[in-house]
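In: My questions are about this predicted structure, shown below with the sequence.
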Amino acid sequence: MIFLQLFVGFLRAGLLGYGGGPSAIPLVQKEAVEKYKWMTDDEFGDMLAIANALPGPIATKMAGYIGYRKAGWLGVLVAEIATVIPTVLLMMILLLTLSSFENKPWVRGMTHAVVPVVGVMLATMTWQFFSKSQKELGWVKSMAFVAGSFLLIQVLNIHPAIVITVTLVFVLVWPVRSEKSEIVEQGRKAQ
Amino acid sequence: MNLITLWHDFLAFFIPGILGYGGGPSSIPLVENEVVGHYHWMDVPEFSKVLALGNALPGPIATKMAGYIGYVVAGVPGLVVGLIASVVPSLILMIVLGNLLYRYKDSPKIKRLTVLIRPIIAVLLGVMAYSFFKDAYESAGWLQPLAIAVVSFVLLEKLKIHPAFVVVAALGYGAIFMAS
């Protein structure tokens, strides 16, 4: 029942993501990685990187890509409908009937209360990515990479899309050490 | 129904979609430029009202704007065209690139890419987390947001409660105790 899972997963992420598509990232991760195991943490990280490097809304890019991976073009359609349609309809109904819904104190209160929750979810994901990176690269290298990308993105205000694209091109062009030399090296270590 | 209007509807959401990096919220100024500045479908107060309501509701913001404004401009066909224009172009790029990456996921280069891109994503997520906390502080002070953050951290990470319940609980709390 992959279609039902896709629909329910992205419906939940769409209906609970306050603050636009980016706030749905941790919710999509919960559904895709932890609940339904559609992809691994690594694959999710790669997907997020490409999604960030490409223009356009982020929630629909994630939904479409995951839908395609799991169930082809019909999966794309189901995941996109679940992400987009319910909230668009809600918006139309409210705008065409109630005129000052957004100014109701309780609506503003709801929005205020959910913002710190999204903050916690994003901070937790930040930590997961960082601790994984630290395991792979070690403290020094991972700190250097984090500091470097922080400097580029936040201090020098270089667009993240550029940072990601340059990294991507660099990795794909720079030669990987051949297997032969790795074997030689392993042999050396073993001695 | 006017085909020219639908074509304009398409362009008005296609252009912000392919120029807006960083997700839907970053494309909002571009949408305003098309809808208010270029095609004059709405004036600034009308657009602000739609944006305010869009922000008060859950879900991706770009598609809520495209769907609603498309509907205002050209009815249900306008809604469909607006949604397609904002979703499909970037989605096709995403699927093509994503699949390329997936096909070669066992190659050493892609493995290295995963490792090197991870710190960048950590920084991006960290910056987003910070902006959410900053937003919370600016709109509701530090006491309640901090309490909500601590409680939701314990619920999500220590007690492993699904985010759906935590978000719904926060919404309920906000509606009752943070109404202002």
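Out: Sure, I can see it.
In: Neighbours of residue 147, how many?
Out: Picked chain A for this. 12 (other Cβ atoms under 10 Å in any protein chain shown). Where C-beta positions appear, they are placed from N, C-alpha and C, glycine not excepted.
In: nope, chain B please
Out: Neighbour tally, residue B:147, other Cβ under 10 Å: 12.
In: next one: residue B:96
Out: Neighbours around residue B:96, by other Cβ under 10 Å: 13.
In: Now do it against residue A:27, distance only.
Out: 25 Å (Cβ to Cβ, to the nearest Å).
In: tell me the domain boundaries of chain A?
Out: A:1-97, A:113-191 (automatic domain parsing).
In: got the residue ranges for the helices in chain B?
Out: B:3-19, B:24-32, B:44-56, B:61-103, B:108-140, B:143-153, B:163-177 (DSSP state H).
In: How about residue B:148, nearest residue that isn't a chain neighbour?
Out: residue A:116 (4.4 Å; Cβ to Cβ, 6 or more residues apart in numbering or on different chains).
In: What of residue B:135?
Out: residue A:115 (5.5 Å).
In: so where's chain B shaky on pLDDT?
Out: Scanning chain B for pLDDT under 70 picks out the ranges B:1, B:21-22.
In: Show me where chain A dips below the pLDDT cut-off.
Out: Chain A contains residues with pLDDT under 70 at A:98-100, A:102, A:177-191.
In: Please identify which helix or strand holds the residue nearest the centre of it.
Out: Geometric centre of chain A, nearest residue: residue A:48, 4.0 Å, by Cα atoms, centre = their mean. Element membership for residue A:48, per DSSP states H and E: helix A:41-53.
In: how many degrees apart are that helix and helix B:61-103 in direction?
Out: Between the axes of helix A:41-53 and helix B:61-103, defined by axes from the mean of the first three to the mean of the last three Cα atoms, to 10 degrees, the angle is 130 degrees.
In: which residues sit against helix A:41-53?
Out: With contact meaning Cβ atoms under 8 Å, 6 or more residues apart in numbering or on different chains, helix A:41-53 is reached by A:25, A:29, A:32-33, A:39, A:58, A:61-62, A:65-66, A:128-129, A:132, A:160-161, A:164-165, A:168, B:21-22, B:94, B:97-98, B:101-102, B:105, B:110, B:113-114, B:117-118, B:120-121, B:124.
In: ditto for stretch A:2-15
Out: A:24, A:27-28, A:30-32, A:35-36, A:59, A:63, A:66-67, A:70-71, A:74-75, A:78-79, A:81-84, A:86-87, B:58-60, B:164.
In: In ChimeraX, select just the buried ones from the residues you listed.
Out: Command for ChimeraX that selects the buried part of the contacts of stretch A:2-15, burial taken from 16 or more other Cβ atoms under 10 Å in any protein chain shown:
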select /A:24,27,28,30,31,32,36,59,63,66,67,70,71,75,78,79,81,82,83,84,86,87 /B:58,59,60
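In: Which members of the contacts of stretch A:2-15 occur in helices, if any?
Out: A:27-28, A:59, A:63, A:66-67, A:70-71, A:74-75, A:78-79, A:81-84, A:86-87, B:164.
In: just checking, residue B:136 touches residue A:111?
Out: No. The criterion here is Cβ atoms under 8 Å, and residue B:136 misses it with residue A:111 at 10.1 Å.
In: Please list only the buried members of the contacts of helix A:41-53.
Out: A:25, A:29, A:32-33, A:39, A:58, A:61-62, A:65-66, A:128-129, A:132, A:160, A:164, A:168, B:21-22, B:94, B:97-98, B:101, B:110, B:113-114, B:117-118, B:120-121, B:124.
In: one step back: from residue B:98, how far out is the residue nearest to residue B:135?
Out: In terms of Cβ to Cβ, residue A:115 sits 30 Å off from residue B:98.
In: Who are the contact partners of residue A:78?
Out: Residue A:78 touches A:3, A:6, A:7, A:67, A:71, counting by Cβ under 8 Å, 6+ apart.
In: what about the third one, neighbour count?
Out: The local packing count at residue A:7 equals 18, with neighbours defined by other Cβ under 10 Å.
In: what's the answer for the one 4 residues further on, then?
Out: Residue crowding around residue A:11 was assessed by other Cβ under 10 Å; the count is 20.
In: again with residue B:161
Out: 14.
In: what's near enough to touch it?
Out: Counted by Cβ under 8 Å, 6+ apart, residue B:161 has contacts residue B:155.
In: ok, it to chain A distance?
Out: 11 Å (Cβ to the nearest Cβ, to the nearest Å).
In: how about the contacts of residue A:78, which pair is most distant?
Out: Maximum pairwise distance in the contacts of residue A:78, criterion Cβ to Cβ, is 10.6 Å, between A:7 and A:71.
In: And stretch B:18-26, end to end?
Out: 11 Å (Cα to Cα, to the nearest Å).
In: thinking again about what came up before, tell me how far the residue nearest to residue B:135 lies from residue A:16.
Out: Per Cβ to Cβ, residue A:115 is found 13 Å from residue A:16.
In: from the contacts of residue A:78, which single one is nearest residue B:72?
Out: Of the contacts of residue A:78, the one sitting nearest to residue B:72 (Cβ to Cβ) turns out to be residue A:7, at 27.8 Å.
In: helix or strand for the closest one, which one?
Out: helix A:2-16.
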